[in-house]
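Engineer: have a look; sequence and predicted model below, questions after that.
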Amino acid sequence: MREEIEKLAEAGKIRNKDVDVLVELGTEGFCKHRSWGTGRITAVDTVLCKLTIDFAGQPGHAVDLGFAAKILQPISKQHIDAQKVTNLSELQVMAATNHLGMIKLILESHGGKATADQIQAVLVPDVIEEDYKKWWEQARREMKKDGHFVLPTKKTAPIEYQAEEIPLPERLMKEFNAAKGLKARLSVGLEVIKVAGDMADAPATGGEAIGRLNDEIQSHVRTQPGLALEAVFVRDDLRTATSAPALEGEPDAALVWNQAEGLAEILSGMPIARQRRALDLYRNHSTQWQADLQDIINAVPARLCGEIATVLAEHGQLDALKDTLLRLINQHGAHAELLLWLAKDKTDSFADILGPEAFRAMITALERETDKSANKLRDLIVEDPGLVDTLTQSADIEVVKDITRAIQLSPSFEGMDKRSVLGK
């Protein structure tokens, strides 16, 4: 075939620089087009200078050889897209039984690396029709354990395949040291903790990572105290997992509490899973923790409101908390996040607070605030079948009339939403 195509170039029918591309197209028999997708080359006619290609929904499409080199990208017979044309059923079996083999095939088809989005685009819906999320979670767990795959800390970065197998602990430590930014390093650090038991020299390796985190904690205490506190947690867990010795003078949670400003900001900026741990640490740190937590409960997200309430209740501060909540509600100073938590909670502990005044405070909060939490509170009032009844069941008819008028006049409820609330 090369000889025939070279003759066409010598005759001036195609460009010399297109010879290699056209030979590859004819030899491999598959191509990609930006708009038409994957095509199977069924004929190469060097007399008429044409390729005949079967595209999905467009079989027998003829393309001039001179033009083909410009618009078509050759792909090999082993490429995942070519195999989807010829061996789709085998690929479906492979996806079900050999996750790593499937990922390897996709990565090799894309030059050794591909992003998670690219992998999904290849597999769905042709190879995997249902529950891709579950499939991907399993495949990702297997890749983490396998020594050939390099998983990035950023979702948009590509996954890579390497022929040389690197033990997982060693690979994770390389990723830990190469991570850019403390947040990315903590993400890898959590993975290191899980495999610490398999490290060849866990105390020394853990000590190296701990020293790196200590430096980062010091530099983030004032600028990102919530992240610094999270790093303290990861550092301490890493020490426990690797049996690394404690270092003299290393930063601790007290450093964050003493140097940082804004308790609400510190706690709100942390992952939900670590907020309770932070609250327990603060309780042991401050002699006025009860007052401090009550002061910030009206300035934090709804889920954190619940954690704060639980800590206060567990340590004999339920009555004081209820006094704070009643004051905020009666003065119409309660924010939407606090009211959202209270409306969702519905436990016996706060049942006596969920009354007409709480409903009025909710309407005020909706009219005052325009953020996502206000939208969530409004949606809860509209959609929860029992909330309006809970808020009004203790009210006499005059109070109900007053609340009805407030809803009718409020711009926070419109159209069918307003009719729905009034109906309730």
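Structural biologist: Perfect, I can see it now.
Engineer: what ranges do the strands span in the protein?
Structural biologist: Ranges of strands within the chain are 30-33, 37-45, 50-55, 58-64, 73-75, 113-114, 149-150, 159-161, based on DSSP state E.
Engineer: what's the nearest residue to the residue nearest the centre of the chain if we skip its chain neighbours?
Structural biologist: The centroid of the chain falls nearest to Lys155 when counting by CA atoms, centre = their mean (8.0 Å). The shortest distance from Lys155 to any non-neighbouring residue, by CB to CB, 6 or more residues apart in numbering, is to Ala116 (6.2 Å). Using the backbone N, CA and C atoms, a C-beta is placed for each residue, glycine as well.
Engineer: just give me the neighbour total for Trp36.
Structural biologist: Neighbours of Trp36 under the rule other CB atoms under 10 Å: 16.
Engineer: could I get the phi/psi values of it?
Structural biologist: phi -90, psi -10 (degrees, to the nearest 10).
Engineer: that one against Pro59, yeah?
Structural biologist: No - counting by CB atoms under 8 Å, Trp36 does not reach Pro59; the two are 11.4 Å apart.
Engineer: show me which positions of stretch 284-299 end up buried.
Structural biologist: Using 16 or more other CB atoms under 10 Å as the test for burial, stretch 284-299 gives 289-290, 292-294, 296-299.
Engineer: what's it in contact with?
Structural biologist: When contacts are defined by CB atoms under 8 Å, 6 or more residues apart in numbering, stretch 284-299 is touched by residues 253-254, 257, 263-264, 267, 279, 282-283, 305, 308-309, 311-312, 315, 317, 320-321, 324-325, 328, 333-335, 338.
Engineer: again with stretch 11-19
Structural biologist: With CB under 8 Å, 6+ apart as the criterion, stretch 11-19 contacts 2, 5-6, 8-9, 22, 49, 65-66, 69-70.
Engineer: mind running it again at 7 Å?
Structural biologist: Applying CB atoms under 7 Å, 6 or more residues apart in numbering, the contact partners of stretch 11-19 are 5-6, 8-9, 22, 49, 65-66, 69.
Engineer: buried subset of these, written for PyMOL?
Structural biologist: Per 16+ other CB under 10 Å, the buried members of the contacts of stretch 11-19 correspond to this PyMOL selection:
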select buried, resi 5+8+9+22+49+65+66+69
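Engineer: just the contacts of stretch 11-19: which are in helices?
Structural biologist: Within the contacts of stretch 11-19, residues falling in helices by DSSP state H are 5-6, 8-9, 22, 65-66, 69.
Engineer: export those residues to JSON lines and tack on pLDDT and distance to Leu182?
Structural biologist: Rendered in JSON lines, the data for these read as follows (pLDDT from 0 to 100; distance: CB to CB, whole Å):
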{"residue": "Ile5", "pLDDT": "93", "distance to Leu182": "57"}
{"residue": "Glu6", "pLDDT": "93", "distance to Leu182": "59"}
{"residue": "Leu8", "pLDDT": "93", "distance to Leu182": "60"}
{"residue": "Ala9", "pLDDT": "93", "distance to Leu182": "58"}
{"residue": "Leu22", "pLDDT": "96", "distance to Leu182": "52"}
{"residue": "Leu65", "pLDDT": "95", "distance to Leu182": "56"}
{"residue": "Gly66", "pLDDT": "91", "distance to Leu182": "55"}
{"residue": "Ala69", "pLDDT": "93", "distance to Leu182": "49"}
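Engineer: now those in JSON lines, with distance to Ile353?
Structural biologist: Shown next, in JSON lines, are the ones in helices among the contacts of stretch 11-19 (distance: CB to CB, whole Å):
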{"residue": "Ile5", "distance to Ile353": "83"}
{"residue": "Glu6", "distance to Ile353": "87"}
{"residue": "Leu8", "distance to Ile353": "86"}
{"residue": "Ala9", "distance to Ile353": "85"}
{"residue": "Leu22", "distance to Ile353": "78"}
{"residue": "Leu65", "distance to Ile353": "80"}
{"residue": "Gly66", "distance to Ile353": "80"}
{"residue": "Ala69", "distance to Ile353": "75"}
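Engineer: what's the closest of the residues you listed to Ile403?
Structural biologist: Nearest to Ile403 among the ones in helices among the contacts of stretch 11-19, counting by CB to CB, is Ala69 at 74.6 Å.
Engineer: which non-adjacent residue is nearest that closest one?
Structural biologist: Spatially, and ignoring its direct neighbours in sequence, Ala69 is nearest to Asp18 (3.7 Å; CB to CB, 6+ apart).
Engineer: and that neighbour, how far from Val93?
Structural biologist: From Asp18 across to Val93, the span is 38 Å (CB to CB, to the nearest Å).
Engineer: between the two, which has more neighbouring residues?
Structural biologist: Taking neighbours as other CB under 10 Å, Asp18 and Val93 compare with Asp18 leading, 19 against 11.
Engineer: next, count neighbours for the closest residue in space to Ala9 that isn't next to it in sequence.
Structural biologist: The shortest distance from Ala9 to any non-neighbouring residue, by CB to CB, 6+ apart, is to Asn16 (4.9 Å). Asn16: 10 surrounding residues under other CB under 10 Å.
Engineer: kindly state the pLDDT recorded for Asn16?
Structural biologist: If you check Asn16, the pLDDT there is 95.
Engineer: which members of the contacts of stretch 284-299 occur in helices, if any?
Structural biologist: Judged by DSSP H, the contacts of stretch 284-299 include 253-254, 257, 263-264, 267, 279, 282-283, 305, 308-309, 311-312, 320-321, 324-325, 328, 338 as members of helices.
Engineer: list the buried residues for the lowest-mean-pLDDT helix or strand in the chain?
Structural biologist: Of all the helices and strands that make up the chain, helix 168-178 has the lowest average by mean pLDDT, DSSP states H and E, namely a mean of 83. By neighbour count on 16+ other CB under 10 Å, the buried set for helix 168-178 is 168-169, 171-173, 175-176.
Engineer: list the contacts of Ala264.
Structural biologist: So Ala264 contacts 296, 299-300 (CB under 7 Å, 6+ apart).
Engineer: could those residues be laid out in a markdown table, adding pLDDT and distance to Asp237?
Structural biologist: Formatted as a markdown table, the contacts of Ala264 follow (pLDDT from 0 to 100; distance: CB to CB, whole Å):
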| residue | pLDDT | distance to Asp237 |
| --- | --- | --- |
| Ile296 | 96 | 26 |
| Ala299 | 95 | 29 |
| Val300 | 95 | 24 |
